[in-house]
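*Asks:* Below are the sequence and a predicted model for it; my questions follow.
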Amino acid sequence: MSRRIEFTANYTRPAAEIHRTLTDEGFWRNRVEQGADKGLTLARLTAGEGTIDVALAQDIDKAALPGVVSKILKGELSITRGEVWGPLTDGKAEGTFSTTATGIPINASGTATLVDTAEGSTLTVEGDVEVSVRLIGGTIEGLVTEQILGILAKDQEVVEEWITANS
């Protein structure tokens, strides 16, 4: 069984500015630098003309996890979050996201679409979270879904801050 993720971010800036940020190596390297004290590292980064394939990895302290998760954790927990963005064409860009973990069988994946709107642009993310743990997988899926939605909301803030600081 899996749990659905749906998230929408509305920006006051056009899709071209948001896309330029999301495909900027400097943006992602800055994200890693800002999160280095929390163990964030760059696992992969391949950028092309208006495209990117990036993954960030982070080791999670077992003591910071909810009890239901730490009890079933096998070894250390490391989360890797990836994004792939294609080019912006006619005010629209498409991408994918993925999240995997070591220590617990967590997989999340889906699609992202960035489009121009009359007010600026909208980023829509849709996907699924699956935790393959008998009996309590659904509970953990709920926790992971909440975390992913929180990260997506934070991402919106970080993108806007980056554009303001670098325009």
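*Replies:* Yep, that arrived. Numbering: from 1, shown residues only.

*Asks:* so where do the helices sit in this protein?
*Replies:* Taking DSSP state H as the criterion, the chain contains helices spanning 15-22, 25-35, 67-72, 137-166.

*Asks:* For those, which has the smallest mean pLDDT value?
*Replies:* The weakest mean pLDDT among the helices of the chain belongs to helix 67-72, with a mean of 78.

*Asks:* picking up where we left off before, of all the helices of the chain, which lies closest to residue 42?
*Replies:* helix 25-35 (4.8 Å; CB to CB). For the C-beta atoms, the positions are set from N, CA and C on the backbone; glycine is no exception.

*Asks:* chain center to the closest one: distance?
*Replies:* How far helix 25-35 lies from its chain's middle: 13 Å, per CA atoms, centre = their mean, to the nearest Å.

*Asks:* Report the buried residues of it.
*Replies:* 27, 28, 31, 32 (16 or more other CB atoms under 10 Å).

*Asks:* any chance of those residues in a markdown table, plus distance to residue 158?
*Replies:* Formatted as a markdown table, the buried residues of helix 25-35 follow (distance: CB to CB, whole Å):
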| residue | distance to residue 158 |
| --- | --- |
| 27 | 8 |
| 28 | 11 |
| 31 | 7 |
| 32 | 12 |
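
*Asks:* Which single one of those is nearest to residue 140?
*Replies:* Relative to residue 140, and with distances defined as CB to CB, the nearest of the buried residues of helix 25-35 is residue 31, at 25.6 Å.

*Asks:* Between the helices of the chain, which one is closest to residue 83.
*Replies:* Proximity to residue 83 (CB to CB) singles out helix 15-22 among those, at 7.4 Å.

*Asks:* Residue 44: what's it in contact with?
*Replies:* 53, 54, 55, 82 (CB atoms under 8 Å, 6 or more residues apart in numbering).

*Asks:* Looking at those, which is nearest residue 68?
*Replies:* Lowest distance from residue 68 to those (CB to CB) belongs to residue 82, with 25.8 Å.
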